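Asks: pasting the sequence and the predicted model now:
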Amino acid sequence: MKWFAAVLVAALACGLPGLGQIIPEYDVQGRGAWLDVNDVPSGYKHLGTAPIAGPYYILINQDLELYCPVTVEVWVMAKDGERWPCAWTPIRPGP
């Protein structure tokens, strides 16, 4: 039983969805894709989840003020105008 408590504490500390964390939903307005992560504008690069190399995909919300890094599968599945739960992040102003 101690292992279960340890796993639960670790999950809460990591912020796993469904364990006390609410994932916001916004309407998808657009999307972005870059074959090389180095080509991504700094305003859209989520440093915590951006890959070191390779492609990078994002969804953009209806107000064009939030973005969400996603996998290619989510990028293809999410339709414009559809609400999508994601770890939405404010777009940072570029240099």
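Replies: The structure has been received and is ready for your questions. Note that this is a predicted model, so its numbers are computed, not measured. Numbering: from 1, shown residues only.

Asks: for the rest of this, base every contact and every neighbour count on C-alpha atoms.
Replies: OK.

Asks: contacting residues around Met58?
Replies: Actually, residue 58 is Ile rather than Met. Contacts here follow C-alpha atoms under 8 Å, 6 or more residues apart in numbering; on that basis Ile58 touches Arg31, Gly32, Ala33, Tyr44, Tyr67, Cys68, Pro69, Val70, Trp75.

Asks: inside strands: which ones of those residues?
Replies: Arg31, Gly32, Ala33, Tyr67, Cys68, Pro69, Val70 (DSSP state E).

Asks: where does the chain have its least confident helix or strand?
Replies: Lowest on mean pLDDT, DSSP states H and E among the helices and strands of the chain sits helix 2-14, with a mean of 46.

Asks: state the mean pLDDT of stretch 50-68.
Replies: The pLDDT scores in stretch 50-68 average 90.

Asks: ok, Glu82 touching Val28?
Replies: Yes - the pair Glu82 / Val28 is scored as a contact, 5.7 Å apart, by C-alpha atoms under 8 Å.

Asks: quick one, which of those two is more surrounded?
Replies: Val28 (23 against 14; other C-alpha atoms under 10 Å).

Asks: in what helix or strand does that one lie?
Replies: Per DSSP states H and E, Val28 falls inside strand 25-34.

Asks: tilt between that strand and strand 66-70?
Replies: Strand 25-34 runs at 60 degrees relative to strand 66-70, counting by axes from the mean of the first three to the mean of the last three C-alpha atoms, to 10 degrees.
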